[in-house]
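> structural data only, the sequence is not supplied:
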């Protein structure tokens with residue numbers, strides 16, 4: 001699960017950075033504000049890459065997805081991109097857990113089928 005979720009989060013880092021470049025063109029927003037908010041969001045994505053398998057990691061990921069969709073208020077394209085990344089996040093969590101379960105099952109089978117060398 002960790003690899004799939006981390007890949008999604010790394011993709012989001014780039015999307016947030018590009019959205020910040022678009023948001024800078026809004027005359028109502030200061031460059032400092034845009035890059036502060038975007039920088040915090042990008043840093044959160046990177047931190048979450050390492051926290052995904054810890055308790056609450058997936059929930060924090062969902063909160064990040066909601067924030068990404070909500071950023072569509074500033075950059076309307078983010079409604080669409082946020083929804084795409086939320087779907088990718090769901091798929092990463094869902095299929096990542098299935099892969100982890102399959103790996104555990106195969107490891108358990110390998111342990112029981114290996115003859116004892118004693």
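Thanks, I have the structure now. The structure displayed is predicted, hence computed values, not measured ones.

> report how many residues lie close to residue 23.
Neighbourhood size, residue 23 [other Cβ atoms under 10 Å]: 20. Where C-beta positions appear, they are placed from N, C-alpha and C, glycine not excepted.

> enumerate every residue touching the nearest residue to it once chain neighbours are set aside.
Spatial nearest neighbour of residue 23, excluding adjacent residues (Cβ to Cβ, 6 or more residues apart in numbering): residue 34 at 4.8 Å. By Cβ atoms under 8 Å, 6 or more residues apart in numbering, the residues touching residue 34 are 20, 23-24, 26.

> filter these down to the buried ones, ChimeraX style.
Remark: buried members of the contacts of residue 34, expressed as a ChimeraX selection using 16 or more other Cβ atoms under 10 Å:
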select :20,23
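
> just the closest of the contacts of residue 34 to residue 79, please.
Residue 79 lies nearest to residue 23 out of the contacts of residue 34, by Cβ to Cβ, at 13.8 Å.

> test my guess that that closest one contacts residue 29.
Yes - with contacts counted by Cβ atoms under 8 Å, residue 23 reaches residue 29, the gap being 6.0 Å.

> residues in contact with the helix or strand containing residue 69: which ones?
With secondary structure defined by DSSP states H and E, residue 69 is part of helix 57-70. For helix 57-70, the external contacting residues (Cβ under 8 Å, 6+ apart) are 5, 9, 12, 15-16, 41, 44-45, 48, 51-52, 78-79, 81-83, 85-86, 89, 93.

> what's the angle between the lowest-mean-pLDDT helix or strand in the chain and helix 57-70?
Every helix and strand of the chain was ranked by mean pLDDT, DSSP states H and E. The lowest is helix 77-113, at a mean of 92. Relative orientation of helix 77-113 versus helix 57-70 (axes from the mean of the first three to the mean of the last three Cα atoms, to 10 degrees): 160 degrees.
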